[in-house]
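Participant: Predicted model follows, preceded by the sequence.
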Amino acid sequence: MSVAKSLSEEQVAQIQRWADEGAGLSEIQRRLNDEMGVKVTYMEVRFLIDDLKIQLKPEEPPKPEEEDDEEEDGAPDSEKQENPKELVGVEPEPVGDGQVTVTISELQRPGAIVSGRVTFANGKGADWWMDQMGRLGMNADDPDYRPNENDMLGFQQELQRVAREKGF
């Protein structure tokens, strides 16, 4: 028997009020147990909310505080570097001299969801792969070679572009 059928109209109205106040699924689950004595799992709460056609309010991201042109460290905003991963919907500008090339292999290496080859601006190459956990691995042709930060940023950007083109 579903939880929705065992609740009174008053209880359903209370759940609706909680949702209107901005309570999330875990908060509703806790309140059902604490205030109504109804023990349900998180998944059951998800189904309950769906069965009752209750709309949860989406969480609002915290609003950034307005700041002056200079931070505490005295550097103007224009001199601060932004992390390209934090910029949603903005294409990062190419780093380095843009000579990093990335290919995705048709035949994937064992244990990898995607793999391929990269050639850096200095001509050095490496095999790369990404496992099921999203971890990126790299095996350079020259075991002593370590790509610099600009080459790695260029590699990541080029990998994102090529992966998007291939439908990953």
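Facilitator: Happy to help now that I have it.

Participant: Going by C-alpha atoms from here, please, whenever you check contacts or count neighbours.
Facilitator: Will do.

Participant: Now do the contacts for residue 128.
Facilitator: Neighbour list for residue 128: 115-118, 136-139 [criterion: Cα atoms under 8 Å, 6 or more residues apart in numbering].

Participant: could you redo the last one with a cut-off of 7 Å?
Facilitator: 115-117, 137-139 (Cα atoms under 7 Å, 6 or more residues apart in numbering).

Participant: now swap in residue 40 and tell me
Facilitator: The contact partners of residue 40, by Cα under 7 Å, 6+ apart, come to residue 29.

Participant: Find the helix or strand that it is a member of.
Facilitator: Taking DSSP states H and E as the definition, residue 40 sits outside all helices and strands.

Participant: That one and residue 5: what is the separation?
Facilitator: According to Cα to Cα, to the nearest Å, residue 40 and residue 5 sit 14 Å apart.

Participant: Among the contacts of residue 128, which one is most surrounded by other residues?
Facilitator: residue 115 (23 neighbours; other Cα atoms under 10 Å).

Participant: so that one makes contact with residue 104?
Facilitator: Yes - under the criterion of Cα atoms under 7 Å, residue 115 makes contact with residue 104 at 5.8 Å.

Participant: Distance of residue 121 relative to residue 153?
Facilitator: Distance, residue 121 to residue 153, by Cα to Cα: 12 Å.

Participant: For the lengthiest helix in the chain, give the mean pLDDT please.
Facilitator: Counting by DSSP state H, the longest helix found in the chain is helix 149-166. Helix 149-166 comes out with an average pLDDT of 88.

Participant: Which elements pack onto that helix?
Facilitator: strand 101-104 (3 or more Cα pairs under 7 Å, 6 or more residues apart in numbering; DSSP states H and E).

Participant: Listing partners with orientation, what would you give for the strand it packs on?
Facilitator: Take DSSP bridges as the rule and strand 101-104 pairs in its sheet with strand 112-119 (antiparallel).

Participant: List of residues touching the partner strand?
Facilitator: For strand 112-119, the external contacting residues (Cα under 7 Å, 6+ apart) are 100-105, 108-109, 125-132.

Participant: That one vs helix 149-166, what angle?
Facilitator: Counting by axes from the mean of the first three to the mean of the last three Cα atoms, to 10 degrees, strand 112-119 lies at 130 degrees to helix 149-166.

Participant: Show me how far strand 112-119 is from its chain's centre.
Facilitator: The chain centroid and the centroid of strand 112-119 are separated by 21 Å under Cα atoms, centre = their mean, to the nearest Å.

Participant: all strands of the protein, in order?
Facilitator: Using DSSP state E, the strands of the chain run over residues 101-104, 112-119, 125-131, 136-140.
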